[in-house]
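> This is the structure alone, sequence omitted:
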């Protein structure tokens, strides 16, 4: 029945999905009491906002080659994390492998663009 719920919801951009998840995320201690949940939620929201802003404006002073390597690494990181989550591997392994493969892929694409 879980998939029926997923199919009926309209698609949302990933940032909006994360923002909504942070808004409704219960933050409790092991005893079950809410301890500092609002401050943690606000911290995570701020971190998400800073990350999005840095992603938008962070490549302004970079060469095209650096931009391609960084973009490849970022896409590889996301793909590696997703793949690791799906297959049940440690997330850090997926993130690391994806970042490395993506950065190399960005470098290869840059070399192909120059020819």
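Looks like it came in fine. The structure presented is a predicted model; accordingly, all values stated were derived computationally and were not measured. Residues are numbered from 1 along each chain as shown.

> in this protein, which helix or strand is least confident?
Within the chain, no helix or strand scores below helix 2-8, which has a mean of 49 by mean pLDDT, DSSP states H and E.

> Break the chain down into its domains, please.
9-58, 61-115 (automatic domain parsing).

> Switch the ones you listed over to TSV; also include mean pLDDT and mean neighbour count.
Heads up, the C-betas are built off the backbone N, CA and C, glycines and all. Below are these laid out as TSV (pLDDT from 0 to 100; neighbours: other CB atoms under 10 Å):
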stretch	mean pLDDT	mean neighbour count
domain 9-58	64	11
domain 61-115	90	15
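
> hmm, who's touching stretch 105-114?
With CB atoms under 8 Å, 6 or more residues apart in numbering as the test, stretch 105-114 has contacts from 64, 65, 68, 69, 70, 71, 72, 73, 76.

> what packs against the helix or strand encompassing residue 51?
Element membership for residue 51 (DSSP states H and E) is helix 37-57. The contact analysis (3 or more CB pairs under 8 Å, 6 or more residues apart in numbering; DSSP states H and E) places helix 37-57 against helix 14-24.

> what helix or strand is residue 70 on?
Going by DSSP H and E, residue 70 is part of helix 64-87.

> swap in residue 101?
Applying DSSP H and E, one finds residue 101 within helix 91-114.

> Repeat that for residue 62.
Going by DSSP H and E, residue 62 is not in any helix or strand.

> hang on, the earlier thing: now render the contacts of stretch 105-114 as JSON lines, adding distance to residue 89.
As requested, the contacts of stretch 105-114 are exported to JSON lines (distance: CB to CB, whole Å):
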{"residue": "64", "distance to residue 89": "33"}
{"residue": "65", "distance to residue 89": "31"}
{"residue": "68", "distance to residue 89": "27"}
{"residue": "69", "distance to residue 89": "25"}
{"residue": "70", "distance to residue 89": "24"}
{"residue": "71", "distance to residue 89": "24"}
{"residue": "72", "distance to residue 89": "21"}
{"residue": "73", "distance to residue 89": "19"}
{"residue": "76", "distance to residue 89": "15"}
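
> so which of these comes closest to residue 58?
residue 70 (8.1 Å; CB to CB).
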